[in-house]
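**Q** just coords:
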């Protein structure tokens, strides 16, 4: 059972790896150019302010106190761990959908409040997933790994390829990237561009509740699946699967 499920997980991982390394499509390139032009319209001081705000927000949650983090799970097969991971994703996904519906129903002002609330839910989900795969998120490199998973989940194909290669060669990345040298500007622009279309209608009264619930549900699902694949990368690097029976 374990060998069969591991082989299936490995097959899914390889398919995902191919998708992560695909070159940007024509639509990807056009969208990126449009977003770059829109970003260029914003004054530099606005970019600096947004970058600083998101950096402080993420660092406050990701690199803050460790007392609330779950201890790493030391035992369990990949299949057993991922059953628990998927259950945790479902729970956080439902929480995010409820939060998006409540803030969306309030229109513009409450819609703005959704941003930091959703960010906190996403990061807490990553903490729990890491622990279920057996990683101690009290250590700084593990938290940096979570930051890269987050960027991989919410970025354009161009940035996604770069981030994937950093995760695939994590031992090297962990020794060369710090919270200070991390490209926070690209991080905030990619994240903002990724969720803008999904979340813009949430600011509109009446329809905002439905839009907020659906958007948050899908964003959490996307993050959860990305995290699963990223931790499978490390799992199979440390636990190579047995060959299939002849």
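**A** That came through, no problem. This is a predicted model, so every value here is computed, not measured. Numbering: from 1, shown residues only.

**Q** Could you pull out the buried residues of the helix of greatest length in the chain?
**A** Determined from DSSP state H, the single longest helix within the chain is helix 208-238. Residues 208-209, 211-217, 219-221, 223-224, 226-233, 235-236 are the ones in helix 208-238 that count as buried (16 or more other Cβ atoms under 10 Å). (C-beta placed from N, C-alpha, C; glycine too.)

**Q** what is the rounded mean pLDDT of that helix?
**A** Across helix 208-238, the average pLDDT comes to 85.

**Q** what's it packed up against?
**A** Other elements packing on helix 208-238 under the criterion 3 or more Cβ pairs under 8 Å, 6 or more residues apart in numbering; DSSP states H and E are helix 2-20, helix 78-105, helix 108-132, helix 140-153, helix 157-168, helix 184-200.

**Q** In contact with the spatially most central residue of the chain, which residues?
**A** The chain has residue 150 as the residue nearest its centroid, 2.8 Å off, counting by Cα atoms, centre = their mean. Residues near residue 150 by Cβ atoms under 8 Å, 6 or more residues apart in numbering: 58, 122, 123, 126, 191, 223.

**Q** Nearest to residue 240, out of the helices and strands packed on helix 208-238?
**A** helix 2-20 (9.4 Å; Cβ to Cβ).

**Q** which residues make contact with that closest one from outside it?
**A** By Cβ under 8 Å, 6+ apart, the residues outside helix 2-20 that reach it are 77-79, 82, 152, 160-161, 164, 168, 229, 232-233, 236, 241-242, 244.

**Q** what's the spacing between it and its chain's center?
**A** Using Cα atoms, centre = their mean, to the nearest Å, the distance from the centre of helix 2-20 to the centre of the chain it belongs to is 19 Å.

**Q** tell me which residues in it are buried?
**A** Result for helix 2-20 [16+ other Cβ under 10 Å]: buried residues 5, 6, 9, 10, 13, 16, 20.

**Q** and which of those residues is nearest to residue 96?
**A** residue 16 (22.4 Å).

**Q** Low-confidence bits of this protein, can you list those?
**A** 1-2, 24, 26-42, 46-47, 50, 65-68, 99-115, 196-212, 241-246 (pLDDT under 70).

**Q** Next, the contact list for residue 217, please.
**A** Residue 217 neighbours (Cβ under 8 Å, 6+ apart): 93, 94, 96, 97, 100.

**Q** please redo it, this time with the cut-off set to 6 Å
**A** Contact analysis of residue 217 by Cβ atoms under 6 Å, 6 or more residues apart in numbering lists 93, 97.

**Q** The nearest residue in space to residue 95 that is not next to it in sequence and residue 57, how far apart?
**A** The shortest distance from residue 95 to any non-neighbouring residue, by Cβ to Cβ, 6 or more residues apart in numbering, is to residue 121 (6.2 Å). Going from residue 121 to residue 57 by Cβ to Cβ, to the nearest Å gives 13 Å.

**Q** Of these two, which one has the most company?
**A** With neighbours defined as other Cβ atoms under 10 Å, residue 121 and residue 57 compare such that residue 121 has more, 19 against 16.
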